[in-house]
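Participant: prediction below, plus the sequence it came from.
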There are 2 protein chains.
Amino acid sequence: MIIDAHGHYTTVPPGLRVFRALQISNMGRPKKGAVNISDDEIRESLEKGQIRLLDERGVDVMIFSPMASAMGHHFGSARVSRHWTEVNNDLIHRVCRLYPDRFVGICSLPQSPGVSPKECIEELERCITELGFVGCNLNPDPSGGYWTDPPLGDDWWYPLYEKLQALDATVMMHASATCNPAFHTTGSHYLNVDSTAFLQLLESRVLQDFPRLKIIISHGGGNVPYQAARYRALCLMNKWEPFEEFIKRLYFDTTVYSPEAMDLLVRTVGVDNVLFASEMLGGVTIVDPKTGRFFDDNRPCLEGLAGLDAEDRQKIYEHNARRAYPRLGPLLDGAAARTARRA
Amino acid sequence: MIIDAHGHYTTVPPGLRVFRALQISNMGRPKKGAVNISDDEIRESLEKGQIRLLDERGVDVMIFSPMASAMGHHFGSARVSRHWTEVNNDLIHRVCRLYPDRFVGICSLPQSPGVSPKECIEELERCITELGFVGCNLNPDPSGGYWTDPPLGDDWWYPLYEKLQALDATVMMHASATCNPAFHTTGSHYLNVDSTAFLQLLESRVLQDFPRLKIIISHGGGNVPYQAARYRALCLMNKWEPFEEFIKRLYFDTTVYSPEAMDLLVRTVGVDNVLFASEMLGGVTIVDPKTGRFFDDNRPCLEGLAGLDAEDRQKIYEHNARRAYPRLGPLLDGAAARTARRA
């Protein structure tokens, strides 16, 4: 089985954008309102998009979450963020019900700058226990580029970690859009957030205090494999846990799109801590003239890596995802049983 | 000749810290005051530190600038920043006069959040034309982690670029300390600033508008070589100048401290656009237990790179620095002539 551990519902039907646009009109008196999207619209949005590409690329299952940049935690009040997040998570749930063998949900959280992450617990619990999701995206900077909330090691975040661990739910660190003109959303902000989250965790006690908490750093870890020597030195200078031990507590995805970068990633963090992922349809939806393939068609990068045998690759394609997402295995095995019954 | 293109005067005598401490006491009525540091104190601070290490490591010349994290552009008013910057630049000048064959100066600029970079031109001109410096450090985020100033592509910065180009002075992008608890100064803020500066320039017209401007991105470019495929895709998607052409307009230093990272750097940006540098005494002043050498003793990483011949290495050690710093050659050749006369 091949699992793509990082996909967003970027091809949403227009009804969702209509809902969002009305949130601006109603900022002063937020109300949730309805989303008008039919099942046929959902099917069309996926069968022309993610499902077609999964089929073409021989990928069985995608771990699927709402649009990341469009979550826009910086926009409006906590109530605006809650309504928008619920609507997006409900839509992911509809996708997973329509295609239970192809998509597994992870939710967004109704974060808002300056608002305690405690306020996200109710929606997290709903998504995990009622909607059958396996984890959530967490935005380390809900301000969208001004970094006004405490770092991830602060006990500000601890109630959320506690609930995540209690639910066996996994957290993927992933920014939303930036509203700071200094940054480019997918080009600099996403990667800065990944790297910053890594170091916030490295200098914290989070993974000592929540030893069963599963954390994924997106986009190949931002700069982590390339700057590993600097991190190693900082660990030694500050008497933090050694880098080589700490990275084994985390997972990193393969959304780096070149064989050289994927090689450095796997050699730095090891074959047990990498999850295959494409982030499609995401930040790099264009053909690479060097290869003639879409950048996010990155299975060939993994297939071509020297020094990996079939077992190593299967870890990256499947087994590591099952470890990183404790709730994933039962879902996948249920889907497999359904397929077997149909055959 | 071997040139280390990135060193900071981190071993300053205590008199400089006394000056800085008094700036806090006098914040309401900033006055410049005097710095009490003798030539003997300067000699001692360097002969035990940078000069000893340059000798041990076989490096001839260091391009030397004030302490980076301690510049603290976020602290106090523009006048406080000006006094502090002038004092630091004067100290670098004293170093270069005491050791004209070993150190070449680059200055800091009296930046202050929200204050036009025009206000830095006078000090830049003094350092280049009167003190004989070859360039400056530029902090893309004088707020120290809140990113409140316009991006580098904005015409906010253009008067400074114009003066830099007119003076044949080189600019090294380099952050100062962060005052935002989200970041670690040398671990995440520095690298985020490098990567963010790269993308700000990539999506700007700066290097079209100032074609002779020489720009160096510190710390191996932050994440640039590792995330090159993402940048390549963004260039194609946004119809920016192709990545492969754009990186040839910039220089990157080798302060990445591992053979794997240095290899990826050189292969990504090419042997003509890399400057050998250690950043010592800087962010990684500890022995690497894997090698038994200090992390910043990184000449062996370069010496060991496969695929480089002696000519390539000499580009990285010397010739690229001479191209990146147009004012460097005449200084070095003058120093060589002095040495020859003495011999």
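Facilitator: Received, thanks. Numbering: from 1, shown residues only, chains lettered A, B, ... in the order given.

Participant: and the end-to-end length of stretch A:52-63?
Facilitator: Start-to-end span of stretch A:52-63 (Cα to Cα, to the nearest Å) is 16 Å.

Participant: just checking the distance from that stretch to the centre of its chain.
Facilitator: 17 Å (Cα atoms, centre = their mean, to the nearest Å).

Participant: for that stretch, buried residues please.
Facilitator: A:Leu53, A:Leu54, A:Arg57, A:Val59, A:Asp60, A:Val61, A:Met62, A:Ile63 (16 or more other Cβ atoms under 10 Å in any protein chain shown). C-beta coordinates here come from the backbone N, C-alpha and C atoms, glycine included.

Participant: try stretch A:36-44
Facilitator: Using 16+ other Cβ under 10 Å as the test for burial, stretch A:36-44 gives A:Ile37, A:Ile42.

Participant: which outside residues touch it?
Facilitator: A:Val12, A:Pro13, A:Gly15, A:Leu16, A:Val18, A:Leu91, A:Arg94, A:Val95, A:Leu98 (Cβ atoms under 8 Å, 6 or more residues apart in numbering or on different chains).

Participant: hang on, isn't A:Gly153 packed against A:Leu207?
Facilitator: No: counting by Cβ atoms under 8 Å, A:Leu207 is not a contact partner of A:Gly153; they are 9.9 Å apart.

Participant: joint contacts of those two?
Facilitator: By Cβ under 8 Å, 6+ apart, the residues touching both A:Gly153 and A:Leu207 are A:Leu201.

Participant: picking that back up, chain B: which of the buried residues of stretch A:52-63 is nearest?
Facilitator: Distance ranking of the buried residues of stretch A:52-63 against chain B, using Cβ to the nearest Cβ, places A:Leu53 first at 15.7 Å.

Participant: from memory the closest one sits against A:Met280, does it?
Facilitator: Yes: A:Leu53 is in contact with A:Met280 according to Cβ under 8 Å; the separation is 6.0 Å.

Participant: got a quick ChimeraX command for the buried subset of the contacts of stretch A:36-44?
Facilitator: Selection of the buried residues among these in ChimeraX, burial being defined by 16+ other Cβ under 10 Å:
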select /A:12,13,15,16,91,95
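
Participant: most widely separated two among the contacts of stretch A:36-44?
Facilitator: A:Val18 and A:Leu98 (20.8 Å; Cβ to Cβ).

Participant: what is the least confident helix or strand in chain A?
Facilitator: Lowest by mean pLDDT, DSSP states H and E among the helices and strands of chain A is helix A:328-342, with a mean of 85.

Participant: so what does it touch, helix or strand wise?
Facilitator: Where contact means 3 or more Cβ pairs under 8 Å, 6 or more residues apart in numbering or on different chains; DSSP states H and E, helix A:328-342 is packed against strand A:61-66, strand A:103-105, helix A:320-324.

Participant: and with 10 Å instead?
Facilitator: strand A:3-9, strand A:61-66, strand A:103-105, helix A:320-324 (3 or more Cβ pairs under 10 Å, 6 or more residues apart in numbering or on different chains; DSSP states H and E).

Participant: make a markdown table out of these and add mean pLDDT and distance to B:His6.
Facilitator: Below are the helices and strands packed on helix A:328-342 laid out as a markdown table (pLDDT from 0 to 100; distance: least, Cβ to Cβ, whole Å):
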| stretch | mean pLDDT | distance to B:His6 |
| --- | --- | --- |
| strand A:3-9 | 97 | 35 |
| strand A:61-66 | 98 | 40 |
| strand A:103-105 | 98 | 46 |
| helix A:320-324 | 98 | 38 |
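
Participant: can you tell which of these is closest to A:His219?
Facilitator: That would be strand A:3-9 among those, by Cβ to Cβ, at 8.5 Å.

Participant: chain neighbours aside, what residue packs nearest to A:Met172?
Facilitator: Spatial nearest neighbour of A:Met172, chain neighbours left out: A:Ile216 (4.3 Å); criterion: Cβ to Cβ, 6 or more residues apart in numbering or on different chains.

Participant: returning to what we had before: would a markdown table of the helices and strands packed on helix A:328-342 with distance to chain B be doable?
Facilitator: As requested, the helices and strands packed on helix A:328-342 are exported to a markdown table (distance: least, Cβ to the nearest Cβ, whole Å):
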| stretch | distance to chain B |
| --- | --- |
| strand A:3-9 | 14 |
| strand A:61-66 | 19 |
| strand A:103-105 | 24 |
| helix A:320-324 | 20 |
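
Participant: for B:Leu109, which of those is the nearest?
Facilitator: Nearest of the helices and strands packed on helix A:328-342 (Cβ to Cβ): strand A:3-9, 40.8 Å.

Participant: the helix or strand just after that closest one vs strand A:3-9, what angle?
Facilitator: Following strand A:3-9 in sequence order, the next helix or strand is helix A:14-25 (DSSP states H and E). Helix A:14-25 and strand A:3-9 meet at an angle of 50 degrees, taking axes from the mean of the first three to the mean of the last three Cα atoms, to 10 degrees as the criterion.

Participant: can you pull the contacts of the residue nearest to A:Pro140 when sequence neighbours are not counted?
Facilitator: Distance criterion Cβ to Cβ, 6+ apart; nearest residue to A:Pro140, sequence neighbours excluded, is A:Ala197 at 4.6 Å. By Cβ atoms under 10 Å, 6 or more residues apart in numbering or on different chains, the contact set of A:Ala197 is A:138-141, A:151-152, A:173-175, A:215, A:217-218, A:221-222, A:250, B:182, B:188.

Participant: A:Val206 too?
Facilitator: By Cβ under 10 Å, 6+ apart, the neighbours of A:Val206 are A:Pro151, A:Leu152, A:Gly153, A:Asp154, A:Asp155, A:Trp157, A:Tyr158, A:Tyr161, A:Gln200, A:Leu213, A:Ile215, A:Arg249.

Participant: and the strands in chain A?
Facilitator: A:3-9, A:61-66, A:103-105, A:135-138, A:170-173, A:215-217, A:250-253, A:274-275 (DSSP state E).

Participant: mind giving me the packing neighbours of the third one?
Facilitator: Packing partners of strand A:103-105 (3+ Cβ pairs under 10 Å, 6+ apart): strand A:3-9, helix A:50-56, strand A:61-66, helix A:78-98, strand A:135-138, helix A:328-342.

Participant: quick check: the gap between A:Leu22 and chain B.
Facilitator: Per Cβ to the nearest Cβ, to the nearest Å, A:Leu22 is found 29 Å from chain B.

Participant: again, but for A:Arg43
Facilitator: 27 Å.

Participant: so what pLDDT did that residue get?
Facilitator: On the pLDDT scale, A:Arg43 is placed at 98.

Participant: poorly predicted segments of the stretch 51-200 of chain A, please.
Facilitator: In the predicted model of the stretch 51-200 of chain A, no residue satisfies pLDDT under 70.

Participant: interface residues of it facing chain B?
Facilitator: Selection of the stretch 51-200 of chain A residues close to chain B by Cβ under 10 Å from any Cβ of the partner chain yields A:140-141, A:143, A:145-154, A:178, A:180-184, A:186-200.

Participant: one more time with 6 Å
Facilitator: Residues of the stretch 51-200 of chain A that fall close to chain B, judged by Cβ under 6 Å from any Cβ of the partner chain: A:147, A:151, A:180-182, A:184, A:187-188, A:191-192, A:195-196, A:199.

Participant: which pair of these spans the longest distance?
Facilitator: Using Cβ to Cβ, the two most remote members of these are A:Pro181 and A:Leu199, lying 24.2 Å apart.

Participant: those two: which is more packed in?
Facilitator: Set A:Pro181 next to A:Leu199 and count neighbours by other Cβ atoms under 10 Å in any protein chain shown: A:Leu199 wins out with 28 against 14.

Participant: find the nearest non-adjacent residue to that one, please.
Facilitator: Nearest non-adjacent residue to A:Leu199, counting by Cβ to Cβ, 6+ apart: B:Ser188, 4.4 Å away.

Participant: now do the nearest residue to A:Glu279 once chain neighbours are set aside, the pLDDT please.
Facilitator: Nearest residue to A:Glu279 in three dimensions, chain neighbours excluded: A:Thr255, at 4.2 Å (Cβ to Cβ, 6+ apart). Looking at A:Thr255, its pLDDT is 97.

Participant: do the same with A:Gly49
Facilitator: 93.
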